[in-house]
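Chemist: need a structure here:
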Amino acid sequence: MNYEVRDEEDYLVYTFNTVYIDPIYEENETQIVHVFQPQGKVKGDIVFLHGIGPNNIPYLEWYGRFFKKFGYRTSVVILPYHLERKPKDVEDGDPYYSPEPKECVVLFHNAVKDVRRSIDLLETFDDFSEDNLYLMGVSFGGIIGTMSLALDQRIKKGILMITGGNWRWINFYSPYTQKVRERYAKEKNSFGCDSEEFCKKFRSDAATFVKDNINSIEDIFSKTPITCYHYDSLSYAKFVKQPVFFVKGSFDKIMPHKATRDLEKLISNKIVRRIPAGHKSSYFLKRFVGKWVINFLEKEEIEQQVKDKEYRKEAFESSGKV
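Modeler: Below is the predicted model:
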């Protein structure tokens, strides 16, 4: 790989060309990865995928600083249309709020290509271990992360946090997708979708449809009735065979509970933990999540931490301060 690297505060910034020509902004044709390098021996690599929108990358990079203290190199993949990967007058992640499935298929799959290309970068490092490669995705990063886990067996374990699947629930019930609903009503899309009622024609019970009919990655593209299945993390969940640590928020309003439920059901090899927080307030429990993740990666027992009364009491008290 040809790449450039520079120091930036307490992390390294790697830049290199994408493997695709971007259909919207040429700025997105440069990949960016923020690498938090531990001192001493590297125990393993964590590919970290952030949520969509402005301002969330800096505070989620706390995890990179936390994990490197335990010897884990954390590579924060700057997803398409965030930071320098977009024109200055465009809000971070805005192109993803498209009502047109044909556009979303390209944009979401390009994000997965970025993840896999970032793994290619890590493989060039002398201290990279193919047995110790992990992925953590938060919110939108969990959607891209689920797809990446299904498609790339180089990843040995996954952590999916405050995320979900099934575009019916996400597009029509999340407060963050109001602009998508407005565009559905005004423009429709190439399938004629303008409301949840139309969506139900193809997605009345998408989770059951995927469970009963999708038996291979190829089936996602050949057996589904509408192309929004092609970029739905729900469609890929059955093919995530790696162990997954699944973290969901009890009071999450941004990721609808039904979306979280459907994705959780279709991931087979998982440990599920609920935190007493909402979508954004989950950040205040970051130390608990961080410790759980380290224990999960190191195959230590995490049940005792969850059952411990004092531990749980402290978590609830912390959430009450939000």
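
Chemist: can we go C-alpha only for contacts and neighbour counts from here?
Modeler: Noted.

Chemist: Not counting sequence-adjacent ones, nearest residue to Ile267?
Modeler: In this structure, Ile267 finds its nearest non-sequential neighbour in Ala237, 5.2 Å apart by Cα to Cα, 6 or more residues apart in numbering.

Chemist: nope, Ile162 is what I meant
Modeler: Nearest non-adjacent residue to Ile162 (Cα to Cα, 6+ apart): Lys248, at 4.7 Å.

Chemist: Now tell me what touches whichever strand or helix holds the one you found from outside.
Modeler: In the assignment (DSSP states H and E), Lys248 maps to strand 244-249. Strand 244-249 has contacts (Cα atoms under 8 Å, 6 or more residues apart in numbering) with 157-163, 260, 264, 267, 269-279, 282, 293, 296.

Chemist: any idea how far Pro54 is from Thr208?
Modeler: Counting by Cα to Cα, to the nearest Å, the gap between Pro54 and Thr208 amounts to 34 Å.

Chemist: Repeat that for Asn189.
Modeler: Relative to Thr208, and taking Cα to Cα, Asn189 is found at 25 Å.

Chemist: Show me which of those two is the more surrounded one.
Modeler: A direct count of neighbours by other Cα atoms under 10 Å for Asn189 and Thr208 places Asn189 higher, at 16 against 13.

Chemist: residue contacts, the more buried one?
Modeler: 99-101.

Chemist: export the residues you listed to JSON lines and tack on distance to Phe36, secondary structure and neighbour count?
Modeler: As requested, the contacts of Asn189 are arranged in JSON lines below (distance: Cα to Cα, whole Å; DSSP: H, G, I helix; E, B strand; the rest coil; neighbours: other Cα atoms under 10 Å):
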{"residue": "Pro99", "distance to Phe36": "36", "secondary structure": "coil", "neighbour count": "23"}
{"residue": "Glu100", "distance to Phe36": "36", "secondary structure": "coil", "neighbour count": "21"}
{"residue": "Pro101", "distance to Phe36": "35", "secondary structure": "helix", "neighbour count": "18"}
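
Chemist: Which positions in stretch 202-215 come out as buried?
Modeler: 202-203, 206-207, 210, 214 (16 or more other Cα atoms under 10 Å).

Chemist: Kindly report the same for stretch 5-22.
Modeler: Result for stretch 5-22 [16+ other Cα under 10 Å]: buried residues 11-18, 22.

Chemist: and Pro54, what pLDDT?
Modeler: Looking at Pro54, its pLDDT is 88.

Chemist: scratch that, Glu9
Modeler: Confidence score, pLDDT, at Glu9: 88.

Chemist: can you check the one 10 residues further on too?
Modeler: In the prediction, the pLDDT value recorded for Val19 is 98.

Chemist: Then the one 10 residues further on?
Modeler: Confidence per residue is given as pLDDT, and for Glu29 that number is 98.

Chemist: Quick check, it in contact with Leu79.
Modeler: No - Glu29 is not in contact with Leu79 according to Cα atoms under 8 Å; the separation is 11.2 Å.

Chemist: Of those two, give the one with the bigger neighbour count.
Modeler: Leu79 (28 against 20).

Chemist: Let me see the contact set for the more buried one.
Modeler: Each residue near Leu79 by Cα under 8 Å, 6+ apart is listed here: 49-50, 111, 114.

Chemist: mind redoing it with 7 Å?
Modeler: Contact analysis of Leu79 by Cα atoms under 7 Å, 6 or more residues apart in numbering lists Ala111.

Chemist: How about Lys179?
Modeler: Tyr97.

Chemist: Whichever of the contacts of strand 244-249 end up buried, select them in ChimeraX.
Modeler: Here is the ChimeraX command that selects the buried residues among the contacts of strand 244-249 (16+ other Cα under 10 Å):
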select :157,158,159,160,161,162,163,260,264,267,270,271,273,275,276,277,278,279,282,293,296
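
Chemist: How about stretch 219-234, which residues are buried there?
Modeler: In terms of neighbour count (16+ other Cα under 10 Å), stretch 219-234 has its buried residues at 220-221, 224, 226-234.

Chemist: which residues in the stretch 101-250 of the chain form strands?
Modeler: Ranges of strands in the stretch 101-250 of the chain, per DSSP state E, counting those that start in this stretch, are 133-138, 157-161, 244-249.

Chemist: Looking at these, spot the one closest to Val90.
Modeler: Of all these, strand 133-138 sits nearest to Val90, with 22.2 Å by Cα to Cα.

Chemist: gap between Phe48 and Arg181?
Modeler: 29 Å.

Chemist: neighbour count winner among those two?
Modeler: A direct count of neighbours by other Cα under 10 Å for Phe48 and Arg181 places Phe48 higher, at 27 against 22.

Chemist: Validate this expectation: the more buried one resides in a helix.
Modeler: No - remark: Phe48 does not belong to a helix; assigned using DSSP: H, G, I helix; E, B strand; the rest coil, it is strand.
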